[in-house]
Structures are given as C-alpha cells and as structure tokens.
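Trainee: After the sequence you'll find the predicted model.
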Amino acid sequence: MKRQTQSLMLLILGGALLNISAFSNTYVNYVKLGFRPLLLGAGVVLVILALVSLVRQWRGQGGGQGDGHDHGDDHGPRVAWLLAVPVFTIVLIAPPALGSFAAGGEDDAPAPRPPAPAGFLKLSDGVPQLALGEFIGRAYDPAGTSLAGRQVKLTGFVVPSKKKNLWYVTRMQISCCAADALALKVAVRGVPAPRENSWVQVTGSWIPWKGKIPNGYVIPDMAATDVAKIDQPAEPYE
C-alpha cells in the first residue's frame, strides 16, 4: 500500500467517523451515547493527519524529491488492504444496531441475572415506562413485590420463540460498545408476536414466579394487554 494511499485511507476513516458522529446519530448503533465527543475528536485528528501527510507528499514530489532514498518504504504487505474493510463497511453499508440475531433464541445459554439495585423507588402512578433491566431487577428483588399487580410499559425489539404463544421483547445492554452487548429479555404472553426485529412498546403486567425466586437466571414473563409498533429509539441500547 503506497504512502499516498495510506493517507487517503486515513482521510476516509476520519471522514467516516465524522459522518456517523457529527452529521448523524448513526454512531449510537455501535457505542454508547456519551462517546460522541471522543469520536468527533478522533475523526478530526485523523483528517488533519491525512491532510498534512498528503500536503507533504505533494510538496516533496513538486520539489523533485519523489525518488528519494526512502522510496522502498512506499509499499507494504498486501494484507494491509484488509484495514480498509471496516472503513468501507461503515461508509457503504452502515450496519444497524444489534437485533434479534445477536440476541439469539431461548435455547441459547442465558445471560447472568442483572444485579438488583439496593432498593427500588416506588413506581409512579398510572402505567410507568420501565427499562428492561429495571423490570428484570424488580422481578428478582427479594425485598418486595413492587411489580405485583401493576401495569407497566416496556420498549424493545421482537425476538421470536419456538414455543407457542410466546415471544420476547428484547433490548441489548452495553457497557461501552456493541462488542460487549448483553441481551435483556422478557417473555411476552397473551398477544400475537409482531414481525421479528420490529420495535414495539408492550403494555402488561409481570407474571409472578411459581414458588420462590429462581436461584439461577430465568427470563421473567409478562402478560401483555397491548402492543404498539414504534420506530427505533434514538438510543437503541440500555
């Protein structure tokens, strides 16, 4: 890969970072919302480095220095072109946020139970909107039954099930980026499953455990009364 090509690749990569973070919100499909300043800074630095390199090469060629003693460094291994794959993937394809394929089915090994916060605030009146992580935490909370008999709303995408009359409302939880994503699922009963991967808001109530709280992780159930299709939220991950 020639030096000029390397500089152009830096320019494209920097432009891609700026495109997904400065001129759109596409970056939230890959990292948490708070990473925007870091992506902007990295994009600016890469663009500046690329432009400086291109200007220096242009001046060197113009001054008759293009055939200098370091000409042998203009080429690298062909495998270096693989570095261009993620760049053009973002530019040309722009992969969406993780969905049902990444979440897997009910036969996959379950995720560890999310730790329950030290005490929950009282649910607001009416039908409160809960994050899936909070719903699961409340379902496992040994201190009380704050969900018992309460209607709540959950937002997520649809993951189908092989079991009859059951599907999952799901949200991916990330610590920093999509690479460490964990699927949070609530099993929905009582309403037909919408189209796979579609985003929905489910209204319903928690189905209490039969007996004691499970020792291992078991996906909690919800008896749904209504499902409304919605657009993907601005921030798809919890």
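Mentor: Yep, it's here.
Trainee: Buried residues in the longest helix anywhere in the chain, which are they?
Mentor: Longest helix in the chain, counting residues (DSSP state H): helix 36-62. When neighbours are counted by 16 or more other CB atoms under 10 Å, the buried residues of helix 36-62 are found to be R36, L39, A42, G43, L46, V47, A50, S53, L54, Q57. In short, each C-beta sits where N, CA and C put it, glycine included.
Trainee: Please apply the same query to stretch 155-162.
Mentor: Those would be T155, G156, F157, V158, V159, P160, S161, for stretch 155-162 by 16+ other CB under 10 Å.
Trainee: just stretch 225-238 next, same as before
Mentor: Buried residues in stretch 225-238 (16+ other CB under 10 Å): V227, Q232, P236, Y237, E238.
Trainee: At which residues are the helices of the chain located?
Mentor: Under DSSP H, the chain gives helices at 3-21, 36-62, 84-88, 100-103, 132-140.
Trainee: between the first one and helix 36-62, how big is the angle?
Mentor: On the basis of axes from the mean of the first three to the mean of the last three CA atoms, to 10 degrees, helix 3-21 is oriented at 160 degrees to helix 36-62.
Trainee: Report the distance from helix 3-21 to the chain centre.
Mentor: 23 Å (CA atoms, centre = their mean, to the nearest Å).
Trainee: cool, the second one as well?
Mentor: From the chain centre to the centre of helix 36-62 is a distance of 29 Å (CA atoms, centre = their mean).
Trainee: Which strands and helices lie in contact with it?
Mentor: On a contact count with 3 or more CB pairs under 8 Å, 6 or more residues apart in numbering; DSSP states H and E, helix 36-62 meets helix 3-21.
Trainee: looking only at pLDDT, what's the mean for the helix it packs on?
Mentor: Across helix 3-21, pLDDT averages out at 80.
Trainee: Just the CA trace of that helix, in CSV.
Mentor: Extracted in CSV, the C-alpha atoms of helix 3-21 (Å, rounded to 0.1, in the frame of the first residue of the first chain):
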residue,chain,number,x,y,z
ARG,A,3,2.0,6.2,1.3
GLN,A,4,-0.4,8.3,-0.7
THR,A,5,-3.0,5.5,-0.5
GLN,A,6,-2.4,5.2,3.3
SER,A,7,-3.0,8.9,3.7
LEU,A,8,-6.2,8.6,1.7
MET,A,9,-7.4,5.7,3.8
LEU,A,10,-6.8,7.9,6.9
LEU,A,11,-8.8,10.6,5.3
ILE,A,12,-11.7,8.3,4.5
LEU,A,13,-11.6,6.8,8.0
GLY,A,14,-11.6,10.2,9.6
GLY,A,15,-14.4,11.3,7.4
ALA,A,16,-16.4,8.2,8.2
LEU,A,17,-16.1,8.9,11.9
LEU,A,18,-17.2,12.5,11.5
ASN,A,19,-20.1,11.4,9.2
ILE,A,20,-21.5,9.0,11.8
SER,A,21,-20.9,11.3,14.8
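Trainee: Show me where this structure dips below the pLDDT cut-off.
Mentor: For the chain, the stretches with pLDDT under 70 are 1, 62-84, 86-94, 105-119, 143-144.
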